[in-house]
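S.K.: okay, structure incoming, though there's no sequence with it:
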């Protein structure tokens, strides 16, 4: 199958896709701000330039687009230039894992929120779960004897301790 756009048109379209200040990022940032959480955005000195950094809570949040970061539930490879896209998405996934591992080694807790988890039908649940993990992380950091509950909540947090959630 061939592309309906010329290479120049395709390049123009793809170059206009934003890397920061996307609609899903704005949803989470506005919600966090309204809830009183203060954060930095797109911190370049941290691996992966996390979308949101909550230093007080030792949490970084990545808000990933399902296509660009290869969300398994919504994996769609374009029909044109298939091999290129398959390799690109796989490299993105590997890079994301390396960066998250580096952040864990630096003492950060990493949350990944997928754009599909911010659709209106599931948004409130996702945002409430983010708040749970922020508060949970804060309590663990304070060392108040707070134990990790055995029950796991569903969010796209990375399967790394102390957030072993899928």
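M.R.: Now that the structure is in, tell me what you want to look at. Only a predicted model underlies this, so the values are computations on that prediction, with no experimental measurement involved.

S.K.: rest of the way, CA atoms for contacts and neighbours
M.R.: OK.

S.K.: now the strands for the protein?
M.R.: 40-41, 52-54, 59-64, 109-114 (DSSP state E).

S.K.: any chance of those strands in a markdown table with mean pLDDT as columns?
M.R.: Shown next, in a markdown table, are those (pLDDT from 0 to 100):
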| stretch | mean pLDDT |
| --- | --- |
| strand 40-41 | 94 |
| strand 52-54 | 96 |
| strand 59-64 | 94 |
| strand 109-114 | 94 |
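
S.K.: any low-confidence regions in the chain?
M.R.: Filtered on pLDDT under 70, the chain yields the residue ranges 1-3, 5, 10-11, 13-19, 144-166.

S.K.: please name every helix or strand in contact with the helix ranked longest in it.
M.R.: Of all the elements of type helix in the chain, the one with the most residues (DSSP state H) is helix 82-105. Counting contacts by 3 or more C-alpha pairs under 8 Å, 6 or more residues apart in numbering; DSSP states H and E, helix 82-105 packs against strand 109-114.

S.K.: now the angle from the strand it packs on to helix 82-105?
M.R.: Per axes from the mean of the first three to the mean of the last three C-alpha atoms, to 10 degrees, the angle that strand 109-114 makes with helix 82-105 is 150 degrees.

S.K.: what angle sits between strand 109-114 and strand 59-64?
M.R.: Per the same axes, to 10 degrees, the angle that strand 109-114 makes with strand 59-64 is 20 degrees.

S.K.: report the buried residues of the longest helix of the chain.
M.R.: Applying a neighbour-count criterion of 16 or more other C-alpha atoms under 10 Å, one finds 85, 89, 93, 96, 99, 100, 101, 103, 104 buried in helix 82-105.

S.K.: and of the residues you listed, the nearest to residue 4?
M.R.: The closest of these to residue 4 turns out to be residue 85 (C-alpha to C-alpha; 16.7 Å).

S.K.: skipping adjacent residues, who's closest to the closest one in space?
M.R.: The spatial neighbour of residue 85 that comes closest, neighbours along the chain excluded (C-alpha to C-alpha, 6 or more residues apart in numbering), is residue 77 at 6.4 Å.

S.K.: hang on, the one you found packs against residue 88?
M.R.: No - between residue 77 and residue 88 there is no contact under C-alpha atoms under 8 Å: 10.3 Å.

S.K.: Serialize the strands of the chain to TSV and add fields for mean neighbour count and distance to residue 28.
M.R.: Shown next, in TSV, are the strands of the chain (neighbours: other C-alpha atoms under 10 Å; distance: least, C-alpha to C-alpha, whole Å):
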stretch	mean neighbour count	distance to residue 28
strand 40-41	16	11
strand 52-54	20	9
strand 59-64	23	9
strand 109-114	23	9
